[in-house]
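Participant: Make a model of this:
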Amino acid sequence: MRSILAVLMLALVACASVVPSAERRAQAQHLAQAQDFAFERLRTGTLELMAALPRRMRQDGDLSVYIEGDGFAWSSPEQPSEDPTPRNPLGLRLALAQDGGDVAYLGRACQYVGAVATHCPQRYWTDARFAPELIDAYDGALDTLKRRFQAQRLTLVGYSGGATVAALLAARRGDVAGLITVAGNLDHAAWTHWHGLAPLAGSDNPAEHIAALASVAQVHLVGAADSVVPPQLLTAFAERFPVSYRPLVQVQPGFDHQCCWVEQWPRLYAWARRQINHR
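Facilitator: Here you go, the predicted model:
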């Protein structure tokens, strides 16, 4: 199992390893600017998070906040990268593809800020990527975004490892109207066991907060061909809930960990919101 994941991870990072950090940051800024969004640093305690925000806000009381995946966390199966800024910021692409409503995007810890230059700890994109102090920082960022947008209710949308962050935030807040995940790693203990990896010892786990999450309306989207976060892991996560509070897991035929979420996102997001509103 370990050798299979090693091949998979090498395939995922092979191209990213030759793309400098500055180019990855510039690509994200170009994507945002093309949709009239701008990047902005949000300081929460000792940590800076990068957000992408629209230049024009509706301020209608509802805000969807997208949280990026783990990004370029590993240069090889054994070597962490020097900068986790994603080569393909799929969480950002999803945010920009949303059709209607106020939208904000949050990068993950150490992404886009120049991890080496800012002395961002490497553990924040390896075993402590979901550390409690990081979730505190994201929580503070959500408070800032709520004030900025004058929002009353949040819909959290997490991609891959960003789904873990979104779920941990939903478990502690009372203003989350819905949780939508895409290819989400919602039980990283089960995920590391599945792939034969060392546990993420410094990280909190949504699977340990089932009682708090039971009251949150949830839709979890996963690709039938996703070998990074297989559908079985999402199904097992949902089955930990009491039947009357069980989240909806929707398996998308022909999709994998990256394809074809962005292209289909306006339709999928509208469908997921309808499911949340009916729960």
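Participant: quick one: contacts for the residue lying closest to residue 198 once chain neighbours are set aside?
Facilitator: Computed as C-beta to C-beta, 6 or more residues apart in numbering, the closest residue to residue 198 that is not its neighbour in sequence is residue 192, at 6.6 Å. (Glycine included, C-beta is placed from N, CA and C.) Counting by C-beta atoms under 8 Å, 6 or more residues apart in numbering, residue 192 touches 198-200.
Participant: Mind listing what's buried along stretch 136-152?
Facilitator: Going by neighbour count (16 or more other C-beta atoms under 10 Å), the buried part of stretch 136-152 is 137-138, 140-142, 144-146, 148-149, 151.
Participant: That should have said stretch 81-90, apologies.
Facilitator: Neighbour counts using 16+ other C-beta under 10 Å place 81, 83-90 of stretch 81-90 among the buried residues.
Participant: Could I get those residues in TSV, plus columns for secondary structure, pLDDT and distance to residue 165?
Facilitator: Output for the buried residues of stretch 81-90, formatted as TSV (DSSP: H, G, I helix; E, B strand; the rest coil; pLDDT from 0 to 100; distance: C-beta to C-beta, whole Å):
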residue	secondary structure	pLDDT	distance to residue 165
81	coil	93	19
83	coil	94	19
84	coil	96	13
85	coil	96	16
86	coil	97	14
87	coil	95	20
88	coil	96	18
89	coil	98	15
90	helix	98	15
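Participant: Out of those residues, the closest to residue 31 would be?
Facilitator: residue 89 (7.0 Å; C-beta to C-beta).
Participant: what residues are up against the residue lying closest to the closest one once chain neighbours are set aside?
Facilitator: Leaving out its chain neighbours, the residue that sits closest to residue 89 by C-beta to C-beta, 6+ apart is residue 28, at 5.0 Å. Taking C-beta under 8 Å, 6+ apart, we find residue 28 in contact with 39, 52, 85-86, 89, 92, 112.
Participant: can you tell me how far residue 28 sits from residue 78?
Facilitator: Counting by C-beta to C-beta, to the nearest Å, the gap from residue 28 to residue 78 is 27 Å.
Participant: Are any of the contacts of residue 192 buried, and if so which?
Facilitator: Among the contacts of residue 192, the ones that count as buried by 16+ other C-beta under 10 Å are residue 200.
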